[in-house]
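Asker: make a model of this:
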Amino acid sequence: MFEKVKNLLIDELQIEAEDITMEAELIGDLGINSLELADLVLLCEERFNIEINDEEIHKFISVGDVVHYLEKLA
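Answerer: Below you'll find the model as predicted:
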């Protein structure tokens with residue numbers, strides 16, 4: 001799942017591959033703004049055919065948070 005999320009970040013948000021780790025903070029380390037975070041959520045919903053609750057989005061601090069959330073739904 002990490003590789004899938006990493007590829008989304010690289011392909012869709014032009015984040016450098018070497019910057020993406022499980023511990024990397026989406027905003028602090030990767031420089032993602034709120035609009036890009038919304039894009040990431042939409043991409044995950046489309047790619048994995050899921051629906052992410054708006055309240056859950058606020059819990060997405062690191063790449064690992066997104067990965068763990070998606071793994072729970074898989």
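Asker: the helix or strand containing N7: what's the following helix or strand?
Answerer: According to DSSP states H and E, N7 maps onto helix 2-13. Remark: after helix 2-13, the chain's next helix or strand is helix 34-48, criterion DSSP H and E.
Asker: helices or strands next to that next one in the packing?
Answerer: Applying 3 or more CB pairs under 8 Å, 6 or more residues apart in numbering; DSSP states H and E, one finds that helix 34-48 makes contact with helix 2-13, helix 54-57, helix 63-73. Every residue, glycine included, has its C-beta placed from N, CA and C.
Asker: quick check: which helices or strands does the first one pack against?
Answerer: Contact here means 3+ CB pairs under 8 Å, 6+ apart; on that basis helix 2-13 packs against helix 34-48, helix 63-73.
Asker: neighbours of I15, how many?
Answerer: Counted with other CB atoms under 10 Å, residues neighbouring I15 total 22.
Asker: with just CA atoms, put the helix or strand of the chain with the lowest mean pLDDT into PDB.
Answerer: Ranking every helix and strand in the chain by mean pLDDT, DSSP states H and E puts helix 54-57 at the bottom, with a mean of 90. Backbone C-alpha positions of helix 54-57 (Å, rounded to 0.1, in the frame of the first residue of the first chain) are rendered in PDB as follows:
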ATOM      1  CA  ASP A  54     -14.200  14.100   6.000                       C
ATOM      2  CA  GLU A  55     -13.500  13.700   9.700                       C
ATOM      3  CA  GLU A  56     -10.800  11.100   8.900                       C
ATOM      4  CA  ILE A  57      -8.900  13.500   6.600                       C
END
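Asker: contacting residues around that helix?
Answerer: L37, A38, V41, Y69 (CB atoms under 8 Å, 6 or more residues apart in numbering).
Asker: so who does the residue nearest in space to the middle of the chain touch?
Answerer: In the chain, the residue lying closest to the centroid (CA atoms, centre = their mean) is V66, at 5.0 Å. For V66, the contact set (CB under 8 Å, 6+ apart) comprises V5, L26, L40, C44, F60.
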